[in-house]
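In: next one to model:
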Amino acid sequence: MTATLVAIGTSKGLFLARSDDDRKTWSLRGPWFGMSEVYAAAIDTRGGRTRLLAGAMSMHWGPMVVRSDDLGETWEDTERGAVRFPEGTDAAVARVWQLAPAPEDQPGVVYAGVEPSALFRSTDGGETFSLVEGLWNHPHRKEWQPGGGGQAVHTVLPHPTDPQRVLVAMSTGGVYRTADAGETWEPANRGILADFLPGDEPEYGQCVHKVARNASRPDQLFAQNHGGVYRSDDGGDRWTSIADGLPSDFGFGMVADPNVPGSAFVFPIVSGEERFPPDRRCRVYRTDDAGESWLALDTGLPPDPHYGAVLRDGMCADDADPVGIYFGNRNGEVWASADRGDSWQQIAAHLPGVVCVRAAVLP
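Out: I've put the predicted structure just below:
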């Protein structure tokens, strides 16, 4: 039988849910770091071993990246914090928003997206990080502004086959990408609207909430904007609206099915001013035709009315086939589907507000 692990970051610590019977039943452990916000987590299974990474925000020690090589039995950190700006940068990390291991052929490489909007890179599995200066020194940086949650790089997508290419997204600033391992960066926002900026197609400044990449078709990207749902088929050269058929074009999460090109999942929210599910119904929506149509998925989900909102990293996929989909909400609930969203079961309840969820099949 296959074992699956789900890392659940909350406003008060990290929890781990595990299934040892092909995602049928689940056990829950935690919390670790119960006085810390955990906005970022990663399950790194490269090389046949499992390393857990968590971005914990301690009120006393500040932000740090902690790691475990024994499924949470023990944890280690790096003296003075793994992620910090170099001396003389005149900046300090306020929060780690994203932890993203690179593909298998880049052992040890882990990216961290932080607030203020910056990208760090590790070559030792997340023990130490260095600033990606090409993005930090970008001439647009002085014009990037905080979104509602802060000014942060919240999405990091290493390319699955080209180690020179990485895509990031931030609020507010939009989508940026590099083709030379971070030396230079260009905005990739054509087609993404921003009703708070002048012009029909601003070059940058969009409040992109999340971007997902299709692993089997890596130039196919899906984006959830602050108003707008989009697809790109050319690695971000151009974006097209795919919001028709959804009850709302606002939301935070965006997840691509790693096994099925053209398939993605969203959890709509009414608007920036009304952050509840449309019609107070807890529903995930899936497209299997790259956004031409959307199917509402709610079998097993809680009945109406429901008020739980899913944040940008509160929904994820595992690496099984068929893919498992998971989401956690601000109500402290975590839900799982082993059949691409066709049916759901609750795997945790009454937790602190869930801010990130990550899942992986254990080696």
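
In: what are the ranges of the helices in the chain?
Out: Along the chain, counting by DSSP state H, helices occupy 133-136.

In: any low-confidence regions in it?
Out: Scanning the chain for pLDDT under 70 picks out no residues.

In: spatially central residue for it, please.
Out: Most central residue of the chain, judged by C-alpha distance to the mean C-alpha position with Cα atoms, centre = their mean, is residue 313 at 3.8 Å.

In: for it, give me its contacts.
Out: Under the criterion of Cβ atoms under 8 Å, 6 or more residues apart in numbering, the contact partners of residue 313 comprise 9, 39, 40, 97, 98, 154, 210, 253, 355, 356, 357, 358. Backbone N, C-alpha and C define where each C-beta goes, glycine included.

In: which of those fall within strands?
Out: Secondary-structure check on the contacts of residue 313 using DSSP state E: residues within strands are 9, 39, 40, 97, 98, 154, 210, 253, 355, 356, 357, 358.

In: tell me the buried residues within those.
Out: Neighbour counting over the ones in strands among the contacts of residue 313 (16 or more other Cβ atoms under 10 Å) leaves 9, 39, 40, 97, 98, 154, 210, 253, 355, 356, 357, 358 as the buried ones.

In: could you dump those to JSON lines with distance to residue 243?
Out: Written out in JSON lines, the entries for these read as follows (distance: Cβ to Cβ, whole Å):
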{"residue": "9", "distance to residue 243": "28"}
{"residue": "39", "distance to residue 243": "27"}
{"residue": "40", "distance to residue 243": "28"}
{"residue": "97", "distance to residue 243": "25"}
{"residue": "98", "distance to residue 243": "24"}
{"residue": "154", "distance to residue 243": "21"}
{"residue": "210", "distance to residue 243": "14"}
{"residue": "253", "distance to residue 243": "15"}
{"residue": "355", "distance to residue 243": "25"}
{"residue": "356", "distance to residue 243": "25"}
{"residue": "357", "distance to residue 243": "24"}
{"residue": "358", "distance to residue 243": "26"}
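
In: from the residues you listed, pick the one nearest residue 74.
Out: Closest approach to residue 74 among those (Cβ to Cβ): residue 9, at 18.6 Å.

In: count of neighbours near the nearest residue to the closest one once chain neighbours are set aside?
Out: Among residues not flanking residue 9 along the chain, residue 38 sits closest, at 3.4 Å (Cβ to Cβ, 6 or more residues apart in numbering). When neighbours are defined as other Cβ atoms under 10 Å, residue 38 has 29 of them.

In: so who does residue 38 touch?
Out: Applying Cβ under 8 Å, 6+ apart, one finds that residue 38 lies in contact with 9, 10, 13, 14, 54, 55, 56, 57, 355, 356.

In: what's the neighbour count on the fifth one?
Out: A total of 29 residues lie near residue 54 under the criterion other Cβ under 10 Å.

In: can you pull the contacts of it?
Out: When contacts are counted by Cβ under 8 Å, 6+ apart, residue 54 touches 7, 9, 14, 32-33, 38, 40-42, 65-67, 99.

In: will you turn those into a markdown table that also has distance to residue 91?
Out: Below are the contacts of residue 54 laid out as a markdown table (distance: Cβ to Cβ, whole Å):
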| residue | distance to residue 91 |
| --- | --- |
| 7 | 28 |
| 9 | 24 |
| 14 | 26 |
| 32 | 28 |
| 33 | 24 |
| 38 | 22 |
| 40 | 18 |
| 41 | 24 |
| 42 | 23 |
| 65 | 17 |
| 66 | 22 |
| 67 | 24 |
| 99 | 19 |
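
In: now do the same end-to-end measure for stretch 341-361.
Out: Stretch 341-361 has an end-to-end distance of 17 Å (Cα to Cα, to the nearest Å).

In: now do the buried residues in it.
Out: Burial within stretch 341-361, assessed by neighbour count using 16+ other Cβ under 10 Å, is assigned to 341, 344, 347-348, 351-361.

In: closest to residue 46 out of the residues you listed?
Out: residue 360 (10.5 Å).

In: please name the bridge partners of the closest one.
Out: With DSSP bridges as the criterion, residue 360 is bridged to residue 5.

In: pretty sure it is touching residue 4, no?
Out: Yes: at 7.2 Å, residue 360 and residue 4 qualify as touching, with contact defined as Cβ atoms under 8 Å.

In: so what sits against both of those two?
Out: residue 318.

In: and of the ones in strands among the contacts of residue 313, the nearest to residue 24?
Out: The nearest member of those to residue 24, counting by Cβ to Cβ, is residue 357 at 18.8 Å.

In: list the residues that contact that closest one.
Out: Taking Cβ under 8 Å, 6+ apart as the definition, contacts of residue 357 comprise 6-9, 41, 313-316, 326-328, 334.

In: try residue 239
Out: Contact analysis of residue 239 by Cβ under 8 Å, 6+ apart lists 189, 190, 191, 192, 223, 230, 231, 232.
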